[in-house]
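Student: pasting a predicted model and its sequence here:
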Amino acid sequence: MAHTSHAKTLPADLNAPPMVSAWQTRALIIGVVFSIVAVILGFLGQAQDQLGWDHVLRAWDLGLMITFGFCVGGLALLMVQYCSGGKWGLLLRRPLEAMSRTLPLVFVFFVPIAIFQGRLFMWANHGLVDKAFSLGQINKDQVEVIDHAIQWKHPMLNPTTMVVVSVICFLIWGYYTWRLNGLSLKRDRDTIANTPYWIKKLENISGPGIVVYSLTMTAAAIYWVMSLDVTWYSSIYGLLFLVGQGYSVLALSIITSVKLSESEPYATILRPVEQHDLGKMTFAFVMLNIYLAFGQFLIIWSGNLPEEINWYLDRIRGDWGIIITLDFIFHWVIPFSMLLSRDIKRNKKRLVRLCQFMIFARCWDMFWLIEPNFRDAARNLHFSWGILEYIAVPAAMISFWMWYYFAKLKTRPLVQVNDPHLAEILEPEHATA
C-alpha cells in the first residue's frame, strides 16, 4: 500500500548542544598535559644528544602543518562547496566556517617557526651546514651541492622573504575568512527568496578564491616544509598538501557532524544517505592522495636522477623503510579498504573511528615528510627522547586548536535555515506518496 511520510521539523534551538563545551574542556586538559610532557622530553632530549629543543621545533612544524591544514583546508573546502552546491554543504558549512576562523591561533603557531627559522632551515643559517659537515653527516660534495642550492634559491629562500611571504599569505587567508563568514551571517538574516542572489555572490568570491588558495598554500608548503631540504624540488608538492588537507578536513568534519548528531539539531538533519555521501567523498580523497604520492615516486624512480633520488633514499634507507611501509598501510590501504564498505560508511561509530585513524595517519605521513630532512635523521631512524616530541608537541597543539575550534563552533547556529536544500534534507530517507 502507498503511504505518506511526513517531513521532520527543526527544533527551536539551533545552537551547539552543551556537549560541545565538554569537548572544549577535554581538549584544553589534554593540551595542558601534553605540553608538560613536551617540556619534560625537551630537557631529557637535551641531556641525551643536545637536540631536545631542536626536536621541539621540528615537532612544532608538524603541529603547525596539521592545524594549518584543518584551518585553511576548511576554508578551501567551504569555497569548493559554494561553487559546487549540494546537500553536504548544509551539514558541513558551520564546522568548515569554524575551522576557518581559527586562523589567528594558527598564526600564533607560525610565529615560533619564523623566530627560530635559523635552527630549522639551512638557507636561514649556514652554520647548520657547517655543523653537519663537522659531524660527518654530509661529505664535501654534499656541502657543495647544498651551497649551490642556497645561492641559487636565495632570492626566494631567505629569512626576510620567508616572513614577508608568510604574512601576506595569512592576510589573504584572513580576508577570505572574514569575507565568507561575514556574508554567511548576512545570508542568515535574509529571506529564502533571496537565496539565488547569495548563491551567485558566494560562488563569484569562492571561484577565484580557490585559485588564490592553491597558490598561497603552495607557497606556505614550500617555505615551511619543502625547503627544510634546500636541494629538493617537486612540481606537485603543493598539490600533495592540497589533497592531504582535503583528506584530513573531511575526516574532522565527519567526526564533528556525526558526534553532533547525538543531539539536536544535527540529530534531525544528518540522515544515513548524507552520511554515506560524505564517506564516498572521503574515499575519493583517499584515492587522489595515493595517486599523487605514488605518481611522484614513480616519476622520480623511473628518472633515477642523482639530484632527485636522494630525497627518497633519505626516507627509505636506515630503517626509514619501516616508517614508509606503515605510512602506506595507514594512509591508504586501511582507509581505502574500509571505505569500500557501504555498511561502514553508514555506521556512525565505525565511521568516526576510521576518520580518527585517518587524522593519525596524516600526522604519521607528516613525520615521514619532516624528520628525514635533518642530517642527523636522514637514512638514520633511531630512538631518542627528542623523537618522542613528535607525539607530545603536535598532540598539544592539535588539542589547543580543537579547544579554539569548538569555541568558534558555539558562536553560530548549526543550521542555516534559508538553505535551499533544507526542505529536502528534512524529508524521510525513503518517503513515498
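Tutor: Arrived safely.

Student: residue ranges with poor pLDDT in the chain?
Tutor: Scanning the chain for pLDDT under 70 picks out 1-7, 429-433.

Student: in stretch 60-76, what's buried?
Tutor: If you call a residue buried by 16 or more other Cβ atoms under 10 Å, then stretch 60-76 has these buried ones: 60-76. Glycine gets a C-beta too; all of them are placed from N, C-alpha and C.

Student: for stretch 229-246, same thing?
Tutor: Buried residues in stretch 229-246, counted by 16+ other Cβ under 10 Å: 229-232, 237-246.

Student: any chance of those in a markdown table, with secondary structure and distance to Ile222 too?
Tutor: A markdown table is the format used below for the buried residues of stretch 229-246 (DSSP: H, G, I helix; E, B strand; the rest coil; distance: Cβ to Cβ, whole Å):
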| residue | secondary structure | distance to Ile222 |
| --- | --- | --- |
| Asp229 | coil | 11 |
| Val230 | coil | 11 |
| Thr231 | coil | 13 |
| Trp232 | coil | 10 |
| Tyr237 | helix | 7 |
| Gly238 | helix | 7 |
| Leu239 | helix | 12 |
| Leu240 | helix | 12 |
| Phe241 | helix | 9 |
| Leu242 | helix | 13 |
| Val243 | helix | 16 |
| Gly244 | helix | 15 |
| Gln245 | helix | 15 |
| Gly246 | helix | 19 |
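
Student: looking at the buried residues of stretch 60-76, which are in helices?
Tutor: In helices, defined here by DSSP state H, the members of those are 60-76.

Student: just the helices from the stretch 301-433 of the chain, written as ranges.
Tutor: Taking DSSP state H, counting those that start in this stretch, the helices of the stretch 301-433 of the chain run over residues 306-313, 320-328, 334-339, 342-346, 348-370, 389-409, 422-425.

Student: winner for burial among these?
Tutor: Ranked by mean neighbour count under mean count of other Cβ atoms under 10 Å, the helices of the stretch 301-433 of the chain are led by helix 389-409, which reaches a mean of 22.

Student: got the contact list for the spatially most central residue of the chain?
Tutor: The centroid of the chain falls nearest to Gly69 when counting by Cα atoms, centre = their mean (2.6 Å). By Cβ atoms under 8 Å, 6 or more residues apart in numbering, the residues touching Gly69 are 241, 244-245, 248-249, 362.

Student: can you count the residues close to Ile199?
Tutor: 16 (other Cβ atoms under 10 Å).

Student: tell me which element it falls in.
Tutor: helix 195-224 (DSSP states H and E).

Student: report the buried residues of that helix.
Tutor: Buried positions in helix 195-224, judged by neighbour count with 16+ other Cβ under 10 Å: 198-199, 202, 205-206, 209-210, 212-213, 216-224.

Student: can you pull the contacts of Trp53?
Tutor: Going by Cβ under 8 Å, 6+ apart, Trp53 touches 42, 45-46.

Student: so of those residues, which ones are in helices?
Tutor: Per DSSP H, these map to helices at 42, 45-46.

Student: mark which of those residues are buried, thanks.
Tutor: Neighbour counting over the ones in helices among the contacts of Trp53 (16+ other Cβ under 10 Å) leaves 42, 45-46 as the buried ones.

Student: output these as TSV; include the columns distance to Val352.
Tutor: Conversion of these to TSV gives the following (distance: Cβ to Cβ, whole Å):
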residue	distance to Val352
Gly42	33
Gly45	34
Gln46	39
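
Student: closest to Ile254 out of those?
Tutor: Nearest to Ile254 among those is Gly42, at 34.5 Å by Cβ to Cβ.

Student: so the closest one makes contact with Glu389?
Tutor: Yes: between Gly42 and Glu389 there is a contact under Cβ atoms under 8 Å: 7.0 Å.

Student: anything in contact with each of those two?
Tutor: Contact with both Gly42 and Glu389 is made by residues 52, 55-56, according to Cβ under 8 Å, 6+ apart.

Student: so which of these sit within helices?
Tutor: Per DSSP H, the subset of these in helices is 52, 55-56.

Student: mind putting those in TSV, distance to Leu105 included?
Tutor: Formatted as TSV, those follow (distance: Cβ to Cβ, whole Å):
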residue	distance to Leu105
Gly52	25
His55	23
Val56	18
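
Student: from the residues you listed, which is closest to Arg315?
Tutor: For these, the nearest to Arg315 is His55 (17.7 Å; Cβ to Cβ).

Student: could you measure the closest one against Leu41, distance?
Tutor: 8 Å (Cβ to Cβ, to the nearest Å).

Student: which non-adjacent residue is nearest Asp376?
Tutor: Nearest non-adjacent residue to Asp376, counting by Cβ to Cβ, 6 or more residues apart in numbering: Gln137, 6.1 Å away.
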